[in-house]
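In: Have a look at this fold, sequence not included:
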């Protein structure tokens, strides 16, 4: 759609929309920062004067949807041919494995910026390839085939909960929830 | 027990234990920080030189337990007589209401440091009083009565998931899950 919005902005916007209409409660977690030095200027709020970004130990997004814990990571790639695993931190793989183990819903949202296409793909699919495949990436064609295309719009910009419904709540849907 | 550990340290330690033994996946969210200025010294990691603490829009802890989304806030009070609501941010009340609305498990962990006693109390109980009571606190005796006492130990320091089991998974427990 060439709107020049980053994937993160689109997801934050979509989450705000979903929260406002009470469809889901999903937030981006704050970026973890190691604070080293704090100044307390008179009558002012604490001012952090030395701090460093830490490597996150979890994924970026989590929350509650239809009673379930939902947890995901979002990544963009400029590649036309594949999504490279090097952009995933090992601890994010570890974390998503645990999410699935404990019965949560875990997935990746992957955007191919060249095609301006965004897909939702189950964490299990990526983890299996990340751990067992010789390739250090998953081909674009496989993301298309194994993932599900996320429709875009104005509000929300990314209708990714429709994909979540179709993927993880199929039975409830077919019984006309 | 007079170990001089803060409630936050006790909970972080307990969560690390629960994660290590695969009982639950619960993390403290990073403190939200507004970054204003970042320096990039040659060949070094980005150094944040001006930043401020932001008011958190959610609770401090969340994760996955037995398939459910779990979300809670932890507070200490020095008071001998009651837990004051002024230590709860309005947006935390709002957030926990939404957690309950979406079918998640939401609660407070409250420590009375004078007695060195820690209680788990359902978010609904606190929210009801926060919104409807003339008092701006909940008496210690009511926390004892409506909440559930959290046993302490070495590992985990706070066995709060035993309380969660008893409170929120009663049926499964009685069928010998």
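Out: Arrived safely. What you see is a predicted model; the values in this text were computed from it and never measured. Numbering: from 1, shown residues only, chains lettered A, B, ... in the order given.
In: The residue of chain A positioned farthest from its centre: helix or strand, and which one exactly?
Out: Largest separation from the mean C-alpha position in chain A: residue A:42, at 40.7 Å (C-alpha atoms, centre = their mean). Residue A:42 is part of no helix or strand, with elements assigned from DSSP states H and E.
In: Give me the distance between it and chain B.
Out: 16 Å (C-beta to the nearest C-beta, to the nearest Å). Placement of C-beta: from N, CA and C, glycine included.
In: is it fair to say residue A:73 lies in a strand?
Out: Yes: assessed with DSSP: H, G, I helix; E, B strand; the rest coil, residue A:73 lies in a strand.
In: Thought residue A:59 was touching it, still the case?
Out: Yes: Residue A:73 lies in contact with residue A:59 (C-beta atoms under 8 Å); the separation is 4.1 Å.
In: any shared contact partners between the two?
Out: A:92, A:96 (C-beta atoms under 8 Å, 6 or more residues apart in numbering or on different chains).
In: Tell me what the residue lying closest to residue A:129 once chain neighbours are set aside is bridged to.
Out: In this structure, residue A:129 finds its nearest non-sequential neighbour in residue A:138, 5.4 Å apart by C-beta to C-beta, 6 or more residues apart in numbering or on different chains. Applying DSSP bridges to residue A:138 yields these beta-bridge partners: residue A:83.
In: Hmm, residue A:138 is touching residue A:82, no?
Out: Yes: taking C-beta under 8 Å as the definition, residue A:138 is a contact partner of residue A:82 at 6.1 Å.
In: Compare the two (neighbour count), which wins?
Out: The residue with more neighbours, out of residue A:138 and residue A:82, is residue A:138; 22 against 17, by other C-beta atoms under 10 Å in any protein chain shown.
In: Would you mind giving me the confidence score for that one?
Out: Residue A:138 carries a pLDDT score of 96 in this model.
In: Over to the one 4 residues further on?
Out: As summarised for this prediction, residue A:142 has a pLDDT of 96.
In: show me the contacts for it.
Out: So residue A:142 contacts nothing (C-beta under 8 Å, 6+ apart).
In: would it count as being in a helix?
Out: Yes: assessed by three-state DSSP, residue A:142 belongs to a helix.
In: quick one, strands of chain A?
Out: A:25-28, A:33-39, A:47-53, A:61-65, A:68-77, A:82-84, A:105-112, A:117-122, A:137-139, A:148-149 (DSSP state E).
In: need those in JSON lines with distance to residue B:166, can you?
Out: Listed next are the strands of chain A as JSON lines, based on distance: least, C-beta to C-beta, whole Å:
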{"stretch": "strand A:25-28", "distance to residue B:166": "25"}
{"stretch": "strand A:33-39", "distance to residue B:166": "37"}
{"stretch": "strand A:47-53", "distance to residue B:166": "40"}
{"stretch": "strand A:61-65", "distance to residue B:166": "22"}
{"stretch": "strand A:68-77", "distance to residue B:166": "20"}
{"stretch": "strand A:82-84", "distance to residue B:166": "44"}
{"stretch": "strand A:105-112", "distance to residue B:166": "26"}
{"stretch": "strand A:117-122", "distance to residue B:166": "33"}
{"stretch": "strand A:137-139", "distance to residue B:166": "43"}
{"stretch": "strand A:148-149", "distance to residue B:166": "39"}
